[in-house]
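Novice: Based on what follows, work out the 3D shape:
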Amino acid sequence: MTSCYKDCDSIVGARLKILQEPQPIYSFLYESEVRKDHAYLYADPAADKNWIHVQLKHWRGEEEVSVRCSLVSDSPERKPHFHRLAKKIGSQIQINEYQEGEVLKMNDCLIAKFPKLSIVRTKIPNNGDREVIKKMWQMRDIVRLKFEAFFLVNGNAQQEICNPVYSQPIHPPVIYSSIQNSL
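Specialist: Below you'll find the predicted structure:
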């Protein structure tokens, strides 16, 4: 990883930048599959087995910072997705709406890395509205990662530091479009 010092003086105000995008094709897992020691979401190209990295540039505050990753739909609205992110911590699997990155200070920038992430497949919520279910089915297998930075007070996220950034689309190796047409 290189220093970010050279390009941090060009823009005033903190901002997030994805240094290593997630792989664009990924097999979404069921919770039982996450328990195995494979199938992590790596940075692109996945063959290098590097973790996804995000940089917070121009942060001049003294507060502790949290960089979070969540799953959103690949739509203009970028709504939270019903699938979840899983992260292996030791021998435990943590499944949540968002996952915290490991934040490291590097010169005058902060770098957050996201090791051992997986996308966990969940059921489409059934609220009885056939049009909503059809729309959710269509977007079920194309997602993006949303990265946000917050400063912390007593370990709790207090305020968003800057605008979020979104990864490139991520989808499974095969998307079953014939099923959506039958709804």
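
Novice: okay, CA-based contacts and neighbour counts for the rest of this
Specialist: OK.

Novice: and the lengthiest helix in the chain, average pLDDT?
Specialist: Longest helix of the chain, by residue count under DSSP state H: helix 130-138. Helix 130-138 shows a mean pLDDT of 73.

Novice: try stretch 142-153
Specialist: On average, stretch 142-153 scores 91.

Novice: Dump the C-alpha coordinates for it into PDB.
Specialist: C-alpha atoms of stretch 142-153 as PDB (Å, rounded to 0.1, in the frame of the first residue of the first chain):
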ATOM      1  CA  ILE A 142     -27.200  -7.500  -8.100                       C
ATOM      2  CA  VAL A 143     -25.900  -5.400  -5.200                       C
ATOM      3  CA  ARG A 144     -23.300  -2.800  -4.300                       C
ATOM      4  CA  LEU A 145     -21.200  -2.100  -1.200                       C
ATOM      5  CA  LYS A 146     -21.900   1.200   0.500                       C
ATOM      6  CA  PHE A 147     -19.000   2.700   2.500                       C
ATOM      7  CA  GLU A 148     -19.600   5.400   5.100                       C
ATOM      8  CA  ALA A 149     -17.300   7.100   7.600                       C
ATOM      9  CA  PHE A 150     -18.400   8.300  11.000                       C
ATOM     10  CA  PHE A 151     -16.500   9.900  13.900                       C
ATOM     11  CA  LEU A 152     -17.000   8.100  17.200                       C
ATOM     12  CA  VAL A 153     -17.700   9.400  20.700                       C
END
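
Novice: residues making contact with it?
Specialist: 16, 54, 56, 63-74, 81, 157-172 (C-alpha atoms under 8 Å, 6 or more residues apart in numbering).
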